[in-house]
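> Got a sequence here, can you build the structure:
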Amino acid sequence: MDSGYNRTEPPEVKSVLAKLHENKKIASATHNIYAYRIYCEDKQTFLQDSEDDGETAAGGRLLHLMQILDVRNVLVVVSRWYGGILLGPDRFKHINNCARNILVEQNYTNFSENVSKQAGKNKRTRKDKKKTEC
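Numbering: from 1, shown residues only. Predicted coordinates for the structure are as follows:
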């Protein structure tokens with residue numbers, strides 16, 4: 001993975017990524033997809049960016065999820081290992097479900113219940129479907 005050190009990431013993002021890469025399992029992942037959103041209080045704007053790490057469009061989709069959930073001051077890294085089975089477009093669903101589950105579970109989201117219902121309005125779910133493990 002290109003660690004992104006040539007990019008213009010904030011020092012906090014670079015330092016967290018460097019720390020994560022000390023873990024051999026994370027460093028050996030086929031893809032370490034990430035996105036971050038940092039709220040700049042003084043300018044009332046967001047510093048945000050994403051990295052696909054070879055998983056085309058995955059970082060942008062992850063950042064979009066974070067925007068929908070109104071996540072602030074968070075870096076999300078989803079590591080993916082190729083296991084011999086091509087997942088096709090389903091891989092994006094798994095990546096975002098993993099990220100969404102942890103963001104909601106850890107209360108990093110600022111969206112209202114109404115927005116959440118609207119976002120899931122068109123999705124059909126089965127009651128017997130198992131929760132995606134991250």
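
> Adjacent strands (with direction) for the top strand by length along the chain?
In the chain, assigned by DSSP state E, the strand with the most residues is strand 31-40. Taking DSSP bridges as the criterion, strand 31-40 sits next to strand 45-51 (antiparallel), strand 74-80 (antiparallel) in its sheet.

> Of these, flag the one that's most buried.
strand 74-80 (a mean of 20; mean count of other CB atoms under 10 Å). For the C-beta atoms, the positions are set from N, CA and C on the backbone; glycine is no exception.

> From the rest of the structure, what touches the longest strand of the chain?
By CB atoms under 8 Å, 6 or more residues apart in numbering, the residues outside strand 31-40 that reach it are 1, 9-10, 12-13, 17, 20, 26, 45-55, 58-60, 62-63, 65-67, 71-80, 95.

> Stretch 89-98 now?
Counting by CB under 8 Å, 6+ apart, 33, 55, 57-58, 61-62, 65, 78, 80, 87, 132, 134 sit against stretch 89-98.

> any chance of the strands paired with strand 31-40 in a markdown table, plus distance to N101?
As requested, these are exported to a markdown table (distance: least, CB to CB, whole Å):
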| stretch | distance to N101 |
| --- | --- |
| strand 45-51 | 19 |
| strand 74-80 | 11 |
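
> Can you say which of these is nearest to Y108?
Of all those, strand 74-80 sits nearest to Y108, with 5.2 Å by CB to CB.

> same question for that closest one, mean pLDDT?
Mean pLDDT, strand 74-80: 96.

> so how far is that strand from its chain's centroid?
5 Å (CA atoms, centre = their mean, to the nearest Å).

> next one: stretch 32-40
Its chain's C-alpha centre and that of stretch 32-40 lie 8 Å apart, by CA atoms, centre = their mean.

> Name the residues of that stretch that are buried.
For stretch 32-40, a neighbour-count test (16 or more other CB atoms under 10 Å) marks 32-38 as buried.

> Return the member of these nearest to Y108.
Distance ranking of the buried residues of stretch 32-40 against Y108, using CB to CB, places R37 first at 9.9 Å.

> Give me the average confidence score over the longest helix seen in the chain.
Identified as the longest helix of the chain according to DSSP state H is helix 90-105. Across helix 90-105, pLDDT averages out at 95.
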